[in-house]
Structures are given as C-alpha cells and as structure tokens.
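Build me a structure from this.
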Amino acid sequence: MRHGPPNGEGRRGRSRDPGIDARLLAAAYRHLSVNGFEALSLARVAQEAGTTRQALYRRWPDKASLAAAALAAAADLGHAVRSEDPLADLAAELADFQRGVSRPGRMSLVGTMLQVSTDPALMARYQAEVIAPRRRRIRAILRRAQQLGLIDADADLEVAVTMGTGSWYARALAGDSPPPDWPARTAALIWRAVGGTINSG
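Now for the predicted structure:
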C-alpha cells in the first residue's frame, strides 16, 4: 500500500502558505536592512521566520531572488495624484515619502543599496520598484503645475524632483531630525524654486 508524504505534500508539491511567505519576507527585509546583502543568511532568515531552509528554497532558490522579493513586498504602493492644486499634491506626496522612509529599517536599507557588495540586479530592482515610482509621481505633479501655468515653463524639473527626497537623506546623514511640518515646508521651498507663488492669505 502506497502512502503519501507525511507532511501532506503531494507529487505536484504543497501549495504555498501565505503566512510563511510573509514571515520569510519580513525576516529577509529586516536582515537585509541591518546586515546588508553580502551578510544576508538564508538559514537565519528561515530560523527567524519559524520554518526550514527547504521551505525557503522552494520559494526563492537563492539570496538574490529572496532579497528582491523582500524589496518588492516592502515597496511603497503610492498612486499618482492629479488635481487642480499641485502644491497640495506635492506636499501630500512628500508626506507619504516621510511615512515610508520613517518605517523601521528603511534608512538602513538605503545604506545597503549603496554598498559596492550589493548585487547589481538587486540594486536595479530597488531603483525600479522603490526609487523610480516616487520620482515619476513627483515629476508628474510638477509637470501638471506647468500645464496649469502655476510654475515656470522652463523650470528645471530634473533637479526639483530630487530636492524633496534628497533633502531628507541629507538631514539623516547629518544626524538632524526633520523639522516640524517637513512635507509642507519642503513642498513650499521646491514650489518657489520652480517659479511658483505661495498665497499667504
């Protein structure tokens, strides 16, 4: 008499447990943020997630694929805003950025991505899924402002796009806490830099 595998896994394999997936990705993200890509240990990730290395390997066969999946799971899923008040949209986008970058491990992850030992494919994934979407949304807000005639038609949007998020990282590296109302104040500064006017009343 033939018996199936004791763990309930059939010939075609056991269906994934989303609970295990989430625990593995959360553990991988934490280890990646704290230790960097080179020191990322699949055995330690599996142990922290309360499962086995075999379970991890069934999902992600190597360190690079696990790290990429962890980044994708942690990416900010913002959405483009199109309104008649681009300045408010810009402040809202920067507030969303502040919430995301203030989450545990986010700033450490930025440092990890800058390490020369980080896998180039992982860096490309981080740029495509974390950095690029935010930049596209900020650029779209400023282009909308140009279309509405609210800022200079020849404003340097490429530089303006980096002013907001870049100022946050610069303060973090200097050890400075963000000032009160950072999103609104930064949006106002960018707005004036590209030729916009702030209504004081």
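
Can you report how many residues lie near Ile141?
Using other Cβ atoms under 10 Å, Ile141 is surrounded by 27 other residues. Where C-beta positions appear, they are placed from N, C-alpha and C, glycine not excepted.

which secondary structure element contains it?
Per DSSP states H and E, Ile141 falls inside helix 132-147.

continuing past that helix, what's the next helix or strand?
Next element after helix 132-147 (DSSP H and E): helix 157-174.

which outside residues touch that following helix?
90, 93-94, 97-98, 101, 107, 110, 134-135, 138-139, 142-143, 146, 177-178, 182, 186-187, 189-190, 193-194 (Cβ atoms under 8 Å, 6 or more residues apart in numbering).

got the angle for the helix holding Ile141 vs helix 157-174?
130 degrees (axes from the mean of the first three to the mean of the last three Cα atoms, to 10 degrees).

and helix 132-147, average pLDDT?
On average, the pLDDT along helix 132-147 is 93.

any idea how far whatever helix or strand Tyr29 lives in is from the chain center?
Taking DSSP H and E as the criterion, Tyr29 maps to helix 18-35. Helix 18-35 has its average C-alpha position 15 Å from the chain's average C-alpha position, going by Cα atoms, centre = their mean, to the nearest Å.

Kindly report the same for stretch 96-116.
7 Å.

Just the terminal-to-terminal distance for that stretch.
Using Cα to Cα, to the nearest Å, one end of stretch 96-116 lies 29 Å from the other.

returning to that earlier point: what subset of the contacts of helix 157-174 is buried?
Neighbour-count burial (16 or more other Cβ atoms under 10 Å) applied to the contacts of helix 157-174 gives 90, 93-94, 97-98, 101, 107, 110, 134, 138, 142, 146, 178, 182, 186-187, 190, 194.

on contacts alone, who are the packing partners of the helix or strand bottoming out on mean pLDDT in the chain?
Counting by mean pLDDT, DSSP states H and E, the chain has its least confident helix or strand at helix 106-113, which shows a mean of 76. Under the contact criterion of 3 or more Cβ pairs under 8 Å, 6 or more residues apart in numbering; DSSP states H and E, helix 106-113 touches helix 18-35, helix 120-126.

Would you mind saying which of those lies nearest Ala75?
Across the helices and strands packed on helix 106-113, Ala75 has its closest neighbour in helix 120-126 (8.9 Å, Cβ to Cβ).
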